[in-house]
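> turn this into a structure:
(chains A, B, C and D)
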Number of protein chains: 2
Amino acid sequence: MSLRDRKRARTRQALVEAAAALFERDGYDETTIADIAAEAEIGTRTFFSYFASKEEVLFPESDARVRAAVEAIADRQPGEGPTEVLLRALHKIGDDSDDLGSRLAALRLRFIRDIPAVRGRALQIQTQAQGEIARHLAAAFPDQLDEVGAAALTGAFVGAVTAALQVLLGDMDRLDDPAAVQAAVRKATDVALRPWAG
Amino acid sequence: MSLRDRKRARTRQALVEAAAALFERDGYDETTIADIAAEAEIGTRTFFSYFASKEEVLFPESDARVRAAVEAIADRQPGEGPTEVLLRALHKIGDDSDDLGSRLAALRLRFIRDIPAVRGRALQIQTQAQGEIARHLAAAFPDQLDEVGAAALTGAFVGAVTAALQVLLGDMDRLDDPAAVQAAVRKATDVALRPWAG
DNA sequence: TGCAATTCTGCATCGAGTGCAGCTATCGTC
DNA sequence: GACGATAGCTGCACTCGATGCAGAATTGCA
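Numbers count the residues shown, from 1 in each chain, chains lettered A, B, ... in the order given. You can find the predicted model right below:
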């Protein structure tokens, strides 16, 4: 890893932390990109060479969950069918929401709930992730699933979990309590996926 | 209905049609709100007293589908369970996509696919609709469903249909062919809801 | 050390969206 | 039909997100 790359990674991290701090202190709308860039000690213009928009800085690891799911699909046992594999993949995602304790994760949840632009971006990321998972699932079970069937199955699972989670988190006041959020995630996956578990 | 209201409705309609015409001719990004307002012969500032954002003008009847679904839930037969009612509601929505033949509907589909901001807004509208349907469903079956369960069930159905439809429309080049789109919608609902139909 | 390739940065610009203040048109009443 | 009251329309100024561009600064490599 060259000096350039290391420096770039450090600057990126600094931007995420600066944004988190300012968002936390002043709120999302009240924080401008110029503020964030200044806090991270870079030029305003340079922000956009790290993140394409203001929302992106809230989702710096947006493909981690897809990787986890793809991994779970690849690790399938000989006897497993598509449903079991997908269930395992989603449970895995739910379990190792590694960064859930971070400041950024709490902010993200709050802003997804409160700021339309952030909610829209989150939904887009989720839709894209869902599509990629579906394609991997279809590729893993070519004789049991076509593209459309895999998308429908994945959409059903993800849609159920997301909707349940939304209700559970919707009337929670302390989104910054990792244990409570983790419990909600677990309950959502349990409730949503129960129909298929048996 | 007063003169004021009629005039307002007419202006609103004029804005939708002006936007459709300009979007069709020049594309979404290339059309400014000032253009749309000028075409509809109102001041630029006035646009925002009819639509809160540029995307909104593409979704002028965003609550029609929710109304249809709520109606279907209200019309339930004595013997029906939540699943059957919800299936009927979603099929009804899929069937009477009344405006599907319109210029605006074709544009909307294309822009949902191509323009991130529009896609984000569409996903938000869908999420909200889904939530309202779930609440009505929970209210209709208070002893069989709680809020979370109703959300999960609705999310599973809507998620499945949406994901299937996305694949089917994704590699379609003529989104302005109402028959083809209608066929895709029908196929998506069939494929996605088949697991529950039996 | 010096050259080439990236990266950073300020500047100018555009468009979306908001607050405000004044004007115009409609409504209900006399 | 005239009248204030109310709601809607409009231009203006402004903020902020986002992009293109060109020059300065930094890093990689010979």
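
> and the gap between the residue nearest the centre of chain A and B:Asp75?
Residue closest to the average C-alpha location in chain A (C-alpha atoms, centre = their mean): A:Ser62, at 5.3 Å. With distances taken as C-beta to C-beta, to the nearest Å, A:Ser62 is found 42 Å from B:Asp75. Heads up, the C-betas are built off the backbone N, CA and C, glycines and all.

> which residues in chain A form helices?
A:3-26, A:33-39, A:44-47, A:64-74, A:82-95, A:103-114, A:116-140, A:147-170, A:178-197 (DSSP state H).

> out of these, which gets nearest to B:Thr31?
Among those, helix A:116-140 comes nearest to B:Thr31, with 20.2 Å by C-beta to C-beta.

> that closest one and chain B in contact?
Yes: using C-beta under 8 Å from any C-beta of the partner chain, helix A:116-140 comes into contact with chain B via A:Pro116, A:Ala117, A:Arg119, A:Gly120, A:Arg121, A:Leu123, A:Gln124, A:Thr127, A:Gln130, A:Gly131, A:Ala134.

> is it true that the second one touches A:Glu56?
By that I understand A:Ala117. No: under the criterion of C-beta atoms under 8 Å, A:Ala117 is not in contact with A:Glu56, lying 11.0 Å apart.

> you'd agree A:Val158 is up against A:Gln128?
No: A:Val158 is beyond contact range of A:Gln128, at 11.5 Å (criterion: C-beta under 8 Å).

> neighbour count winner among the two?
The residue with more neighbours, out of A:Val158 and A:Gln128, is A:Val158; 26 against 14, by other C-beta atoms under 10 Å in any protein chain shown.

> quick check: which ranges of chain A have low pLDDT?
A:96-101, A:198 (pLDDT under 70).

> tell me which residue in it sits closest to chain B.
A:Gly159 (1.8 Å; C-beta to the nearest C-beta).

> quick one: contacts for that residue?
Listed by C-beta atoms under 8 Å, 6 or more residues apart in numbering or on different chains, the contact partners of A:Gly159 are B:Gly155, B:Ala156, B:Phe157, B:Val158, B:Gly159, B:Ala160, B:Thr162, B:Ala163.

> nearest spatial neighbour of it, chain-adjacent residues omitted?
Closest residue to A:Gly159 apart from its sequence neighbours, by C-beta to C-beta, 6 or more residues apart in numbering or on different chains: B:Gly159 at 1.8 Å.

> for the one you found, give its distance to A:Gln77.
26 Å.

> which single residue of chain A ends up nearest DNA strand C?
Closest approach between chain A and DNA strand C, counting by C-beta to the nearest atom of the strand: A:Gly43, at 2.9 Å.

> show me what contacts that residue?
A:Ala37.

> can you put the helices of chain A in JSON lines and add distance to B:Ala140?
Formatted as JSON lines, the helices of chain A follow (distance: least, C-beta to C-beta, whole Å):
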{"stretch": "helix A:3-26", "distance to B:Ala140": "40"}
{"stretch": "helix A:33-39", "distance to B:Ala140": "46"}
{"stretch": "helix A:44-47", "distance to B:Ala140": "49"}
{"stretch": "helix A:64-74", "distance to B:Ala140": "34"}
{"stretch": "helix A:82-95", "distance to B:Ala140": "28"}
{"stretch": "helix A:103-114", "distance to B:Ala140": "26"}
{"stretch": "helix A:116-140", "distance to B:Ala140": "27"}
{"stretch": "helix A:147-170", "distance to B:Ala140": "17"}
{"stretch": "helix A:178-197", "distance to B:Ala140": "19"}
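
> out of the ones you listed, which one sits most buried?
helix A:147-170 (a mean of 25; mean count of other C-beta atoms under 10 Å in any protein chain shown).

> domain assignment for chain A?
A:3-52, A:59-197 (automatic domain parsing).

> would a markdown table of the ones you listed with distance to B:Phe48 be doable?
What follows is the domains of chain A, written out as a markdown table (distance: least, C-beta to C-beta, whole Å):
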| stretch | distance to B:Phe48 |
| --- | --- |
| domain A:3-52 | 17 |
| domain A:59-197 | 15 |
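
> give me the neighbour count for A:Phe48.
13.

> what about it, distance to A:Ile33?
From A:Phe48 to A:Ile33 the distance is 8 Å (C-beta to C-beta).

> list the contacts of A:Asp35.
A:Leu22, A:Asp26.

> still on that earlier bit, out of the helices of chain A, flag the one nearest B:Gly27.
helix A:116-140 (20.3 Å).

> what's the angle between the closest one and helix A:64-74?
20 degrees (axes from the mean of the first three to the mean of the last three C-alpha atoms, to 10 degrees).

> and the residue located most distally from the centre of chain A, backbone torsions?
Taking C-alpha atoms, centre = their mean, the residue of chain A most remote from its mean C-alpha position is A:Asp143, at 30.2 Å. Main-chain dihedrals, A:Asp143, degrees, to the nearest 10: phi -90, psi -10.

> how near is the closest residue in space to A:Thr11 that isn't next to it in sequence to DNA strand D?
Ranked by C-beta to C-beta, 6+ apart and with sequence neighbours excluded, the top spatial neighbour of A:Thr11 is A:Ile42, at 6.4 Å. Going from A:Ile42 to DNA strand D by C-beta to the nearest atom of the strand, to the nearest Å gives 12 Å.

> and for A:Arg45?
A:Arg45 is 5 Å from DNA strand D, by C-beta to the nearest atom of the strand.

> A:Val161 too?
Taking C-beta to the nearest atom of the strand, one finds A:Val161 at 28 Å from DNA strand D.

> I figured that residue was touching A:Arg194, is that so?
No: with contacts counted by C-beta under 8 Å, A:Val161 stays clear of A:Arg194, the gap being 11.1 Å.

> cool, thanks, talk later.
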